[in-house]
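sequence and computational prediction follow.
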Amino acid sequence: QITLKESGPTLVKPTQTLTLTCTFSGFSLNTFGKGVAWIRQPPGKALEWLALIYWDDNKRYSPSLRSRLTISKDTSKNQVVLTLTNMDPVDTATYYCAVEEGLDGMDVWGQGTTVTVSS
Amino acid sequence: QSVLTQPPSASGTPGQRVTISCSGSNSNIGRNYVYWYQKFPGTAPKLLIYRNNQRPSGVPDRFSASKSGTSASLAISGLRSEDEADYHCAAWDDSLSGWVFGGGTKLIVL
């Protein structure tokens, strides 16, 4: 059974850097074809894909946020870390991580973690 | 503004069949599979449909989907009150080299 869980601060100040960790079980990010994605949903708004890291360390970023995002993995800990720099109140959202299984899509998601940006 | 376009809301009465549309472009829906997610407030999205029209195990066959050109649609037949949720479409976008989502459709069961 695949599970994922997001962790990180619930409140950050404007201009700070957000660091979120996705801890997963039930699969290995060393497995061919596997990836872990980050997606967020601001209150009352649409889902927005942020970043994706693959088993071979290939990375993809949302073009609109590329300059502020970094994704990395620690396969020994079964974790994927996302950093988002220069946080702004518009970055207030629930942040999710999900396993991406190629053409089967992002099929299992974590419960999400809510991040508020406020001074 | 989302890359994929969905109607903000849809509604139906119990037992009815409702459809939700998702419109994109050649770089996403036109060339790649469409995925549909069901989301209840305060919970994580649940994969409802993958590869245009495939249901993961456990998803009732009341849920079906199709794709034609740069558009896709999700159909829910035999509507139930528990189907009241937000529905989101998604696809890989070759131009953006990433996933794109629709704005989400709030389904109201009257």
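It's in. Numbering: from 1, shown residues only, chains lettered A, B, ... in the order given.

near chain A, which residues of chain B?
B:2, B:33, B:35, B:37, B:43-47, B:50-51, B:56, B:88, B:90, B:96-104 (Cβ under 8 Å from any Cβ of the partner chain). For the C-beta atoms, the positions are set from N, CA and C on the backbone; glycine is no exception.

show me which of those residues are buried.
Buried subset of the residues of chain B next to chain A (neighbour count, 16 or more other Cβ atoms under 10 Å in any protein chain shown): B:2, B:33, B:35, B:37, B:44-47, B:50, B:88, B:90, B:96, B:98-104.

quick one: B:Asn28 and B:Cys89 touch, right?
No - if you go by Cβ atoms under 8 Å, B:Asn28 and B:Cys89 don't touch, sitting 9.8 Å apart.

okay, and the common contacts of those two?
Jointly contacting B:Asn28 and B:Cys89 under the rule Cβ atoms under 8 Å, 6 or more residues apart in numbering or on different chains are B:Leu4.

neighbour count winner among the two?
B:Cys89 (34 against 25; other Cβ atoms under 10 Å in any protein chain shown).

now do the SS call for the more buried one.
strand (DSSP: H, G, I helix; E, B strand; the rest coil).

how about it, what does it touch?
B:Cys89 touches B:Leu4, B:Gln6, B:Ile20, B:Cys22, B:Val34, B:Tyr35, B:Trp36, B:Tyr37, B:Ala72, B:Leu74, B:Phe101, B:Gly102, counting by Cβ under 8 Å, 6+ apart.

got a pLDDT number for it?
pLDDT, B:Cys89: 98.

do you know how far it is from B:Ser66?
Going from B:Cys89 to B:Ser66 by Cβ to Cβ, to the nearest Å gives 12 Å.

tell me, what's touching these two both at once?
B:Ala72.

residues of stretch A:41-56 that come out buried?
Quick answer for stretch A:41-56 (16+ other Cβ under 10 Å): A:Gln41, A:Ala46, A:Leu47, A:Glu48, A:Trp49, A:Leu50, A:Ala51, A:Leu52, A:Ile53, A:Tyr54, A:Trp55.

would you mind giving the residues you listed as CSV with distance to chain B, secondary structure and pLDDT added?
As requested, the buried residues of stretch A:41-56 are arranged in CSV below (distance: Cβ to the nearest Cβ, whole Å; DSSP: H, G, I helix; E, B strand; the rest coil; pLDDT from 0 to 100):
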residue, distance to chain B, secondary structure, pLDDT
A:Gln41, 8, strand, 97
A:Ala46, 4, coil, 95
A:Leu47, 4, coil, 96
A:Glu48, 7, strand, 97
A:Trp49, 4, strand, 98
A:Leu50, 9, strand, 98
A:Ala51, 8, strand, 98
A:Leu52, 7, strand, 98
A:Ile53, 12, strand, 98
A:Tyr54, 12, strand, 97
A:Trp55, 17, coil, 96
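
surely A:Leu103 forms part of a strand?
No - read with three-state DSSP, A:Leu103 is helix and lies in no strand.
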